[in-house]
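1. predicted model follows, preceded by the sequence.
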Amino acid sequence: METAPAKAKPQGRLLVSTPLDAKDELEERLERCAGIVQSLTNGMSEREANDALTANVCKGPQQHEEVCLGLFTLVLTEATQAQRCYRDLTLLNRDGMNVILVKINQILMEKFLKLQDVPRTQLVWLVRELVKSGVIGADGVVMTLLKQIAGGDISSKNMWLAENVLDILLDQKEWVLKSGMLIAMSVYTYLRLIVDHGTPNLLPLRQKEVDFCISMLREKFIECVIIGRDLVRLLQNVARIPEMELLWRDLLHNPQVLSPQFTGVLQLLTARTSRKFLACRLTPDMETKLLFMTSRVRFGQQKRYQDWFQKQYLSTAESQSLRCDLIRYICGVVHPSNEVLSSDILPRWAIIGWLLTTCTSNVAASNAKLALFYDWLFFNPEKDSIMNIEPAILVMHHSMKPHPAITATLLDFMCRIIPHFFPPLESQVRQGVCNSLTFIMEKRVLAHLAPLFDNPKLDRELRSMLRERFPEFCSAPSPPTEVKMEENVSLEMDKDEGCYDNTEAAFSDDEEEINNKGKKREFRFHPIKEAVMEEPADMTPWLDQLDETMKEKVLQLQKSSDTEAQCEVMQEIVELILEEDFDTEQMSALASCLAELFKDHFRGDVLPEEITEESLEESVCKPVCLIFRNLVTMQEDNSGLSVLLEMLAELYQKQPKIGYHLLYYLKASKAANGKMVLYEMFAQATALGDLHTCLMMDMKACQEDDIRLLCYLTPSIYSEFPDQTLRSGELLNMIVAVIDSTQLQELMCHVMMGNLVMFRKDSVLNILIQSLDWETFEQYSTWQLFLAHSIPLETIIPILQHLKYKEHPEALSCLLLQLRREKPSEEMVKMVLSRPCHPEDHFTTSILRHWASKYDDTLGEHIKAQLIKNNNQPRKRQSLRSSSSKLAQLTLEQILEHMDNLRLSLSNTKNNFFSQTPILQALQHVQASCDEAHKMRRITSCRFSDLFALAEEYEESQSKPPKSRRKAPASSPRSRKGPAPPTNNEEESASSSASEEEDSKPKAPKRKRKGSSAVGSDSD
């Protein structure tokens, strides 16, 4: 008995296995389900087989799942029967293919490498068919399939997969264009793969990939902008391809051609790339192995794991390009917890050091270094995470003793990338690198940088270049006692010179990314940080660029400590700026001086604790506000206006907080009343050059610095800039992400008093759909703010088609409570009925039950209309998924199932909803049409017999003469289904039906309908 399974085990038709492998549980289950389907249909014609499967599916959820998985398995293993099995699957499936999509994702993530050739081919074929049918959720499957296309691998299997998935995307382009995330993910994937496909035999495939990426980027560029800065990195790698070169030029020099909302390459470079994109370029197997090394392998024991990974994925010449993907993934996705950081688990910097030392190509090594430093180039401490820049500095620090050449080449790269990355943005790149180094010291990743930058192991030329580029980091201060303690830790870590090592990697939330080090380090550096921050910066290099008069005023401003005196000096500086002979080349130097002098003002709270007219006026009487005051008092045709705007734009580059301080001044100052247009002029004068981008960046900075100020500015921002704030949910998300319940209530009061409008009819639906991905409190706050507006619920009722009961409980609960207060309209009823039926989803049944008790007549008419309308549609359109829409299609079976659930819910109540004439007429009409539809009759008899019994009873009561009506209940289908009731019950039933007739006499409209033809009166 035990040898039979052993012999049968290698004969599995799904997965590759050896006699030593245990039987796979998933494969065993799928084969068992396939056996059930075959046993039900053996020796039958197609029609008989369909009848048998339909009857089995109707028995319950377990049988439904077994039949669906059985047909799914036959699609994978029986290529000749795949078309018929897929057709049966679409007809029999009751859950929108959800069970199939789940299993496909499971196979793709866990078993894809083990699939035999036929199942692998069939799986891709099945995904193509799901896309053609427009099945909801197919885009997620396609994105999982994209993840399986390995970078740095030009094997025949990988090329086959890359080409077939690309063919799906090309053939179903209209479907692809409906999903912004799929567009971005596919562009990111194929831009990366183009680099690998340069050999002559792969040029046709590469051309298809280039054409696809160009098409998507030209037509849907704004959807691709969400990729962030890594989009520029990938485009840079393929910019020499002629078609890509044209796009590259437009990106740099003519951004508006790509999208009116795109302001330029700086917009991309300042946006951090989401983890989703960085992770999508590693296959599930690579990701699992890498996470294992960074979470389970101890430092010093990693060599065999590294050797295995190298042999598996990095042994070929083409695989060198994969190193960039691995480094970007480690920096951007794998973020260690404090617990792991304090353990002896293999650290991220050690793995990156190993990847750098094993590079066999100069080009690959250069690209790998760029991948490592990429987040440094435009690093913003307020937006980016320390965890993205930490590995680079630690690789350099820990390599100094065992591998000084690695440290030297990385330091040299860091110096040279500043002028050479993109010359027009050299100052921004320099600022980004300096921000990174400053933040590294503030967070105590390293105590100070002088031992690294001025180390005797580095050659003289490199040390000289480092002193020239980063003079502020090359002089070592005498460290306090606490720093010495930390230095001891670093020296202990350097003892192990053999290999790169020491920390862990595990996923952490974005909100947690700031706390990157153990808490033991946190308490040590606070006093040190405070002392360092008090030291004034050396302004000599900037002062030397000013003329004597201006230099004298700036020094006077620096020495003065009295606010009133500073304001007087600042006014004199503004007057010097406005003089005709003021050299505009001095703007940058003056802006640097002012940013340094006013840094304390930008650190403090702007909004006073108690908001009164006097406190607001006092809060805008600061030296930096003198520039704003002069702006306000000028006429638009004054030439000095443009000079001051240019000055502010320069100051904005040095101190981005100036933006929301200007917004505050324009709202708080009486003198600035009605002058908010000045902010728009300021935004256009900045390097961003775009009001929307500038406004969003300033509000984001305000959100991170002062939530009270954000709430204070919100009403005026929404009223003054409606086109920038109401067209998307970007600003709304910033607000609801940080407010508390008191602030939420204040905003709702502003809305109800007419001071604030946060939604408008033409965009509210899209914003609410965007909010479905937000946190729970953010979603509840959004719905509360929406409900404070007087927007008809019908405007947003189509959102129901996007809501899944497990994924979107916040939106569903808010909608349910709001629908409860509404009288049902035809559109509301249609959308409620279009929700997929699921045993655990009670949304539709609960609202229908409420309406049935309160608005039974109205609900009955609307359900009748939907029943007859959907019954008159062709059967094929009801059975198959529409390929033109990802949203659920309302089908007759769906309506009947919801009605049956409602019938069961009302069965123990005195509600007479199902005794209404419109409902009974509609059921009668549907039942009558069943004679013309064989498949429908099978479904009806199997699933909705109790529901149609009501129609049969009604039909019989209509066909008999009035005097014999008392005997109708005895011959009704309902009485035939069970034992005959006692005679006195019959009499009670007859008398109650008679009394119901009398009660219904005042309802004249219903009586008229009852006498008319059920089909003719409501047919569309």
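-> Happy to help now that I have it. A quick note: this is a predicted structure, and the numbers were derived from the prediction, not measured.

2. tell me the mean pLDDT over stretch 320-333?
-> For stretch 320-333, the mean per-residue pLDDT is 94.

3. return the set of buried residues in it.
-> Neighbour-count burial for stretch 320-333, counted by 16 or more other CB atoms under 10 Å, picks out 320-333. (Glycine included, C-beta is placed from N, CA and C.)

4. and it, how far out from the chain's middle?
-> Put simply, stretch 320-333 sits 21 Å off its chain's centre (CA atoms, centre = their mean, to the nearest Å).

5. just stretch 459-477 next, same as before
-> Chain-centre distance of stretch 459-477: 42 Å, with CA atoms, centre = their mean.

6. just stretch 180-199 next, same as before
-> A distance of 19 Å separates the centroid of the chain from that of stretch 180-199, by CA atoms, centre = their mean.

7. equivalent analysis for stretch 76-95, please.
-> Going by CA atoms, centre = their mean, where stretch 76-95 is centred and where its chain is centred differ by 32 Å.

8. and it, average pLDDT?
-> Across stretch 76-95, pLDDT averages out at 91.

9. before we move on, what about stretch 16-32?
-> Averaged across stretch 16-32, pLDDT comes to 84.

10. per-residue pLDDT of the residue positioned nearest the centre of the chain, please?
-> Closest to where the C-alpha atoms of the chain average out (CA atoms, centre = their mean) is residue 773, at 6.6 Å. At residue 773, the predicted lDDT confidence score is 87.

11. from residue 356, how far off is residue 403?
-> 9 Å (CB to CB, to the nearest Å).

12. more neighbours: those two, which one.
-> Under the neighbour definition other CB atoms under 10 Å, residue 403 and residue 356 were set side by side, and residue 356 has more, 22 against 18.

13. my read: that one touches residue 368, true?
-> Yes. With contact defined as CB atoms under 8 Å, residue 356 reaches residue 368; the gap is 5.9 Å.

14. not counting sequence-adjacent ones, nearest residue to residue 634?
-> Take residue 634 and drop its neighbours on the chain: the residue closest to it by CB to CB, 6 or more residues apart in numbering is residue 641, 4.7 Å away.

15. buried set for the host helix or strand of the one you found?
-> Under the criterion DSSP states H and E, the helix or strand holding residue 641 is helix 639-654. For helix 639-654, the neighbour count (16+ other CB under 10 Å) marks 640-641, 643-654 as buried.

16. export that helix to CSV, keeping only CA atoms.
-> Presented in CSV, the C-alpha positions along helix 639-654 are these (Å, rounded to 0.1, in the frame of the first residue of the first chain):
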residue,chain,number,x,y,z
SER,A,639,9.9,96.5,-12.1
GLY,A,640,11.1,95.9,-8.5
LEU,A,641,8.4,93.2,-8.1
SER,A,642,10.2,90.8,-10.4
VAL,A,643,13.6,91.5,-8.6
LEU,A,644,12.1,90.7,-5.2
LEU,A,645,10.4,87.5,-6.6
GLU,A,646,13.8,86.5,-8.0
MET,A,647,15.3,87.1,-4.5
LEU,A,648,12.6,84.9,-2.9
ALA,A,649,13.2,82.2,-5.5
GLU,A,650,16.9,82.1,-4.6
LEU,A,651,16.0,82.1,-0.9
TYR,A,652,13.5,79.2,-1.6
GLN,A,653,16.4,77.1,-3.0
LYS,A,654,18.4,77.5,0.2
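
17. all numbers from here: first residue = 13
-> From this message on, residue numbering opens at 13, which makes the last subject helix 651-666.

18. just the mean pLDDT for it, thanks.
-> If you average the pLDDT over helix 651-666, you get 83.

19. show me where pLDDT drops low in the stretch 213-362 of the chain?
-> Low-confidence segments of the stretch 213-362 of the chain (pLDDT under 70): none present.

20. do that again at 90, thanks
-> Filtered on pLDDT under 90, the stretch 213-362 of the chain yields the residue ranges 254-255, 307-317, 319, 327-330, 348-357.

21. please enumerate the helices of it.
-> Using DSSP state H, counting those that start in this stretch, the helices of the stretch 213-362 of the chain run over 215-231, 233-236, 241-249, 254-265, 277-281, 287-292, 296-307, 315-325, 334-344, 350-353, 360-369.

22. residue 712 is nearest to which of the ones you listed?
-> Taking CB to CB as the criterion, residue 712 comes closest to helix 277-281 out of the helices of the stretch 213-362 of the chain, the separation being 13.5 Å.

23. who does the closest one touch, helix- and strand-wise?
-> Here helix 277-281 touches helix 241-249, going by 3 or more CB pairs under 8 Å, 6 or more residues apart in numbering; DSSP states H and E.

24. contacting residues around the helix it packs on?
-> Residues from elsewhere that reach helix 241-249 (CB atoms under 8 Å, 6 or more residues apart in numbering): 199-200, 203-204, 206-207, 236-237, 256, 259-260, 263, 277, 280-285, 289-290, 340, 379, 382-383, 386-387, 390.

25. and if we set it to 7 Å?
-> Taking CB atoms under 7 Å, 6 or more residues apart in numbering as the criterion, the residues outside helix 241-249 that touch it are 200, 203-204, 207, 236, 256, 260, 263, 277, 280-281, 283-285, 289, 340, 386, 390.

26. hmm, back to that, which one of the buried residues of helix 651-666 is nearest residue 446?
-> Ranked by distance to residue 446 (CB to CB), those are led by residue 666 at 11.8 Å.

27. before we move on, which element is the nearest residue to that closest one once chain neighbours are set aside in?
-> Here the nearest residue to residue 666 in space, its sequence neighbours aside, is residue 607; by CB to CB, 6+ apart that works out to 3.8 Å. For residue 607, the host element (DSSP H and E) is helix 599-609.

28. please name every helix or strand in contact with that helix.
-> If you count contacts as 3 or more CB pairs under 7 Å, 6 or more residues apart in numbering; DSSP states H and E, helix 599-609 packs onto helix 552-555, helix 560-571, helix 651-666.

29. same thing but 10 Å
-> Under the contact criterion of 3 or more CB pairs under 10 Å, 6 or more residues apart in numbering; DSSP states H and E, helix 599-609 touches helix 552-555, helix 560-571, helix 575-590, helix 651-666, helix 670-680.

30. dump these into a markdown table; add distance to residue 710 as well.
-> Listed next are the helices and strands packed on helix 599-609 as a markdown table, based on distance: least, CB to CB, whole Å:
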| stretch | distance to residue 710 |
| --- | --- |
| helix 552-555 | 25 |
| helix 560-571 | 25 |
| helix 575-590 | 22 |
| helix 651-666 | 9 |
| helix 670-680 | 3 |
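
31. comparing those by mean pLDDT, which bottoms out?
-> When the mean pLDDT of each of those is compared, helix 552-555 ends up at the bottom with a mean of 79.

32. can you give me the buried ones in that one?
-> If you call a residue buried by 16+ other CB under 10 Å, then helix 552-555 has these buried ones: 554-555.

33. picking up where we left off before, and the angle from the helix holding residue 653 to helix 575-590?
-> Note on geometry: by axes from the mean of the first three to the mean of the last three CA atoms, to 10 degrees, helix 651-666 and helix 575-590 are set 120 degrees apart in direction.

34. pull the distance from helix 651-666 to the chain's centre.
-> Going by CA atoms, centre = their mean, the spacing between the C-alpha centre of helix 651-666 and its chain's C-alpha centre is 36 Å.
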